[in-house]
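Visitor: Here is the input, now give the coordinates:
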Amino acid sequence: MNSWLGKMERKFGRYAIPNIMKYLIVLYAGGYFLYMINPMFYLNYLVLDWGAVLHGQIWRLLTFLMQPPSASIFMVALLLYIYYMIGMQLENALGTFRFNFYLLTGIVLHIVASLIVYLTTGMVISPSVEYLNLSFFFVFAMLFPDAQFLLFFAIPIKGKWIALIDGFYFLWAIISPFLPAYKGTGYGAMMAALASILNVLTFYLLSRNMHAYSPKEVKRRRDYQRKVQQAQKPEHVYENGARHKCAVCGRTELDDPNLEFRYCSKCNGNYEYCQDHLFTHTHVK
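Guide: Now for the predicted structure:
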């Protein structure tokens, strides 16, 4: 937690949006229904076109996210369900702020990639947000390499193998524009795939230790915090109304408001000591 990202979390964590995947799913679903009503509406008014953005249509910096993941309602429902489930799993494991950070940097990288292409070549390329969502599988595999998915709701497959399959899909998106059969097409997918991979690498380096967010480690920290809270919680109130009493000298917080009391983890039982006897008492075995 001493990483740069940990410092950012302590400073700005209160601004993170809980359950942000719900809002993204609504955005994607809205894009699909717009596509069903008017297939050209997204291309004409919502796509990330930097020429239009620089002429004042700044809403495109957000509305390009509404690109429907498929033209089939069955595939849309399936993909949105998968994106939502894995996104919520990642938010639960990483925490709200870190998952927000991952999504935000991914979106920003998509926007920057499109801007670089526009400024250097004059080409309008709207990156596909599909690759941002598919990059979830890479992060998921780092945290839960042995967790199993039911592919097509029937075939069990581990998270690390899905990430490997995902990697081949990304690789194809990157090299296909340079193949003779596909030359001149697929640049949007290529830029999106590169931006998403860069986002995964950036997040991994900023987090330093992804093991800290594995289920076993998260459970260990929660159990430790619960035990600390239980140890610090006074179990009874003494006759004079005091809630803390030194097992050696018998003083309470009523005798001196400045006294501090702690439980000793080495004593067999819940023995509380004042600051003068916490380190000098004989441990009860």
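Visitor: C-alpha only now, for contacts and for neighbours.
Guide: Noted.
Visitor: Count residues in the vicinity of F279, would you?
Guide: Neighbour count of F279, defined by other CA atoms under 10 Å: 11.
Visitor: repeat for F137
Guide: 26.
Visitor: Tell me which residues touch it, please.
Guide: I86, G159, I162, A163, D166 (CA atoms under 8 Å, 6 or more residues apart in numbering).
Visitor: hmm, try it at 7 Å
Guide: A163 (CA atoms under 7 Å, 6 or more residues apart in numbering).
Visitor: Tell me which other helices or strands the helix or strand where I86 lies touches.
Guide: I86 is located in helix 73-94, with elements delineated by DSSP states H and E. If you count contacts as 3 or more CA pairs under 7 Å, 6 or more residues apart in numbering; DSSP states H and E, helix 73-94 packs onto helix 20-37.
Visitor: what are the ranges of the strands in this protein?
Guide: Applying DSSP state E to the chain gives strands spanning 148-151, 155-158, 261-263, 272-274.
Visitor: got a list of contacts for the last one?
Guide: Taking contacts as CA under 7 Å, 6+ apart, the residues outside strand 272-274 that touch it are K245, C246, A247, V248, L259, E260, F261, R262, Y263, C264.
Visitor: just the strands of the chain: most buried one?
Guide: For the strands of the chain, the largest average neighbour count (mean count of other CA atoms under 10 Å) is found in strand 272-274, namely a mean of 23.
Visitor: Listing partners with orientation, what would you give for that one?
Guide: Strand 272-274 has the following strand partners under DSSP bridges: strand 261-263 (antiparallel).
Visitor: what is the rounded mean pLDDT of the strand it pairs with?
Guide: Average pLDDT, strand 261-263: 85.
Visitor: Let me have the strands of the chain in TSV, extended by distance to I58.
Guide: Output for the strands of the chain, formatted as TSV (distance: least, CA to CA, whole Å):
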stretch	distance to I58
strand 148-151	39
strand 155-158	41
strand 261-263	57
strand 272-274	62
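Visitor: closest one to A181 among those?
Guide: A181 lies closest, by CA to CA, to one member of the strands of the chain: strand 148-151, at 30.6 Å.
Visitor: as a whole number, average confidence for the closest one?
Guide: The model assigns strand 148-151 a mean pLDDT of 66.
Visitor: Over to stretch 53-65?
Guide: 91.
Visitor: Now do it: distance from first to last residue.
Guide: End-to-end distance for stretch 53-65, by CA to CA, to the nearest Å: 15 Å.
Visitor: Next, the buried residues of that stretch.
Guide: Across stretch 53-65, burial judged by 16 or more other CA atoms under 10 Å covers R60, L61, T63, F64, L65.
Visitor: in the protein, which spans are helices?
Guide: 4-12, 20-37, 39-41, 50-53, 60-63, 73-94, 96-121, 130-134, 136-143, 159-175, 187-207, 215-232 (DSSP state H).
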